[in-house]
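Visitor: 3D, please:
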Amino acid sequence: MIIQLTQILENKREYMKFKELNIIEPILRALQKEDYEVPTPIQEQAIPPILERRDVLGCAQTGTGKTAAFAVPILQLLSQKAKKPNEKRTIKSLVLTPTRELAIQIYDSFSTYGQFTRLKYGVIYGGVSQNPQEVALRKGIDVLVATPGRLIDLLNQGLVDLKNIEIFVLDEADRMLDMGFLNDVKKIIKRTPPKKQNVMFSATMSPDILKVANSILVKPVSISVAPVSSAVDTVEQYLYYVDKKNKQSLLHHLLRDRSIVSALVFTRTKHGADKVVKHLLRANINAAAIHGNKSQGNRQRTLANFKKGVTRVLVATDIAARGIDIEELSHVINFDLPNISETYIHRIGRTGRAGLEGIAISFCSFDEKPYLADIEKLMGKRISVIRDHPYPLLITTPSEKKANNRRK
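Guide: Take a look at the predicted model:
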């Protein structure tokens, strides 16, 4: 049974400082050095129960500061445990995350927040040589951040020992399920001690996620910093009804507007992302794709070029886009509407950050109307429809769809 602890924070509340959360001096000094003074809602709610060694289930969207919400208390708990003289350094905390980009970001966060502690950190992920990772493991680390595939490989080679794990974190649980990592996660958990503290974070809370939570967590404190239906206030949302075959033409039409300085375009599949980029390049629109089939180096270069403005349009799948943090992103375009309503909120939240205005544009074909209905139901409002465009929706009934399929 999951204990629900959902707090709605008012705009006029008094903000708590990190020092009021009883953070120890070395970590507090690191936070102050990085200009962290006021914790975000997820940090304010998650840090105390984790410090109390409670299991925690957190629902938090991108950009809420959830990495610090688990990294800070883990660093504190491990720092406060006295190390015996000549005791060998062993892995005491494991953070599992689905992608290489996220693994690197989380590792960097631990290194930053724990820079004045005596703890050691390591990160392992696939797509690169495992030799440097082996060296780090042999030297001894306290906190290991890992993607499931490479961790399983190293476990099978006898290069990783998880028998001393005290705190286990499953990050981005919904993406883990989407990417088919559930069986790997179960195998990894079996290699850890049965008695340990467990922390799980997810951007969405579907029945499948709750089932996983109930199998891992013991009487957890469940935290939701805001309803998933609360889209960012500074994001203007617009909807274009368009036949599937005309989506590419509509995208070209919209991108003729130079006020779209930068656009993150979402497709449902990797193949779809590559296809969109191919057409954009033919139209002399500077675009690039980022998804799981790209190499680590390629993904990092592509993202760097987009952040610098060299690339105007970045086309991504939801999985590849998780962990991408881009300031001053002017537009998000849903080339394909997501079939999970919460994912829509997650996508449009990538623009309109830090008080800046942003615009979210969505294409909706006949087949996607049920997805749209679910999204609008979740938000409790309708998305503004733009009807004056060159590619209006022609297929509006099942019979028209059948007739169109026959013509094909």
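Visitor: And stretch 145-161, what's buried?
Guide: For stretch 145-161, a neighbour-count test (16 or more other CB atoms under 10 Å) marks 145-152, 154-155, 160 as buried. Heads up, the C-betas are built off the backbone N, CA and C, glycines and all.
Visitor: quick check, nearest of these to Arg138?
Guide: Arg138 lies nearest to Val160 out of the buried residues of stretch 145-161, by CB to CB, at 10.7 Å.
Visitor: just to revisit the earlier point, now intersect the buried residues of stretch 145-161 with the helices, please.
Guide: Among the buried residues of stretch 145-161, the ones falling in helices (DSSP state H) are 148-152, 154-155.
Visitor: I'd like to know how many residues surround Leu378.
Guide: Other residues within reach of Leu378, judged by other CB atoms under 10 Å, total 18.
Visitor: Repeat that for Ser79.
Guide: 17.
Visitor: do the same with Val169
Guide: 23.
Visitor: quick one, what contacts it?
Guide: The contact partners of Val169, by CB atoms under 8 Å, 6 or more residues apart in numbering, come to 70, 74, 93-96, 198-201.
Visitor: at 6 Å what do you get?
Guide: By CB atoms under 6 Å, 6 or more residues apart in numbering, the residues touching Val169 are 70, 95, 199.
Visitor: Wasn't the last one part of a strand?
Guide: Right, the one you point to is Val199. Yes - applying DSSP: H, G, I helix; E, B strand; the rest coil, one finds Val199 inside a strand.
Visitor: quick one: low-confidence parts of the stretch 1-150 of the chain?
Guide: Applying pLDDT under 70 to the stretch 1-150 of the chain flags the ranges 1-16, 61-63, 82-85.
Visitor: mind listing what's buried in stretch 114-133?
Guide: Buried residues in stretch 114-133 (16+ other CB under 10 Å): 114, 116-117, 119-126, 130, 133.
Visitor: meant to ask about stretch 359-379, not that
Guide: By neighbour count on 16+ other CB under 10 Å, the buried set for stretch 359-379 is 359-366, 368, 371-372, 374-375, 378-379.
Visitor: farthest pair in the residues you listed?
Guide: Based on CB to CB, the longest span within these runs between Ile359 and Phe366 and measures 24.4 Å.
Visitor: still on that earlier bit, distance to Val212 added to the buried residues of stretch 145-161, as a markdown table?
Guide: Listed next are the buried residues of stretch 145-161 as a markdown table, based on distance: CB to CB, whole Å:
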| residue | distance to Val212 |
| --- | --- |
| Val145 | 20 |
| Ala146 | 18 |
| Thr147 | 17 |
| Pro148 | 14 |
| Gly149 | 18 |
| Arg150 | 21 |
| Leu151 | 18 |
| Ile152 | 18 |
| Leu154 | 23 |
| Leu155 | 20 |
| Val160 | 22 |
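Visitor: can you give me the helices in the stretch 51-200 of the chain?
Guide: Counting by DSSP state H, counting those that start in this stretch, the segments of the stretch 51-200 of the chain that form helices are 66-79, 100-113, 131-139, 148-156, 173-178, 182-190.
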